[in-house]
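**Q** sequence plus the predicted model coming up.
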Amino acid sequence: MDSKIYVKELNNVIIFKVENEFDNLLCIKYKNTITEIIARKRYELVVFDLNNVTFLDSSGIGLILGRYKQVKEYKGELIICGVNKNIKKTLAISGIAMIIDTYEDIYENIKELVNSYE
């Protein structure tokens, strides 16, 4: 199955919906594009929706952490949502869950939070 990232923009919010494996191959394919999208508009809120992620490795964690640092430089926020049990464990072990707010709910269930940035 091919891994992909879909992008949805809502005013000052950008959502990156990751599908399947969030691994080195996906990061190589999308890292520069994601970095440029964020740099171009400086979104108040960046959301990584991992609801459909089946695997997350250190490259995926590194990509998220790098974008977190990028967003924090201009005082924006980054969150991770749609975190299932396995992904939650990976985020906890990596320590990223202590730095970045994570939500088990998928994007649709945190619209109120997202709307507060619009």
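**A** Received it, and whenever you're ready, just let me know what you need.

**Q** elements contacting the top helix by length along the chain?
**A** Scanning the chain for the longest helix, with DSSP state H as the assignment, gives helix 24-41. When contacts are defined as 3 or more CB pairs under 8 Å, 6 or more residues apart in numbering; DSSP states H and E, helix 24-41 packs onto strand 4-10, strand 13-22, helix 58-73. Every C-beta, even on glycine, is put in place using the N, C-alpha and C of the backbone.

**Q** how far off centre is the shortest one?
**A** Spelled out, it's strand 4-10. Taking CA atoms, centre = their mean, to the nearest Å, one finds the center of strand 4-10 at 10 Å from the center of the full chain.

**Q** equivalent analysis for the second one, please.
**A** Computed by CA atoms, centre = their mean, the separation of strand 13-22 from the middle of its chain amounts to 6 Å.

**Q** related to what we said a few turns ago, continuing past the longest helix of the chain, what's the next helix or strand?
**A** Where DSSP states H and E defines the elements, the next helix or strand beyond helix 24-41 is strand 45-56.

**Q** which secondary element of this structure has the worst mean pLDDT?
**A** None of the helices or strands of the chain scores lower by mean pLDDT, DSSP states H and E than helix 111-115, at a mean of 65.

**Q** is the nearest residue to Asp105 once chain neighbours are set aside in a bridge, and if so with what?
**A** Nearest residue to Asp105, sequence neighbours excluded (CB to CB, 6 or more residues apart in numbering): Cys81, at 6.0 Å. Using DSSP bridges, the bridge partners assigned to Cys81 are Asp49.
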